[in-house]
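> Give me a model of this one.
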Amino acid sequence: MAIQAMNHFTVLSDDLEATKEFYCDFLGLDVGWRPPFAFPGWWLYAGGTPILHVIHRKDLPADRGGVLDHMAFSATDLPGTVKKLKSRGLDYDLRRLAGGGIWQLFFNDPCGAKVEFDFHKDEAAPEGHAEA
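Numbering: from 1, shown residues only. Sure, this is the predicted structure:
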């Protein structure tokens, strides 16, 4: 057995519409084909690949993180992404790996799942953030 790549993440949501709006309208994923499961949800696609599955749950656990700490995506346009997060008043944590490495941007989705966007090390720093 040899793992080849990450296939998808699944997040639970007690508000499917807010979750879809966040990941699709706000972050740019697309709703795509999903098998006719007996429970509501979405399959969200990036570049034609279903990378995020969203499943409805009426009652979410008190500890929204559970055993999964976060999910990470490769992304582009760090300044634009930070501007979008600020426009919604969303808290975020922006880090740069030591020695001028990649940028890591952490924030939470509407249901409390932690999301990481990784940006190439040559991306410009967002306004108000010093290069590291």
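
> Quick one: list the elements packing against the longest helix along the chain.
For the chain, the helix with the greatest residue count under DSSP state H is helix 78-87. Applying 3 or more CB pairs under 8 Å, 6 or more residues apart in numbering; DSSP states H and E, one finds that helix 78-87 contacts strand 103-108, strand 114-119. For every residue, glycine as well, the C-beta is placed using N, CA and C.

> Kindly state which of the ones you listed is positioned closest to S74.
For S74, the closest of the helices and strands packed on helix 78-87 is strand 114-119, at 5.4 Å, according to CB to CB.

> Pull up the pairing partners for that closest one, direction included.
Strand 114-119 pairs in its sheet with strand 71-74 (parallel), strand 103-108 (antiparallel), by DSSP bridges.

> coming back round to it: any chance of the helices and strands packed on helix 78-87 in JSON lines, with mean neighbour count too?
Shown next, in JSON lines, are these (neighbours: other CB atoms under 10 Å):
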{"stretch": "strand 103-108", "mean neighbour count": "18"}
{"stretch": "strand 114-119", "mean neighbour count": "19"}
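
> I'm done for today, thanks for sticking with me.
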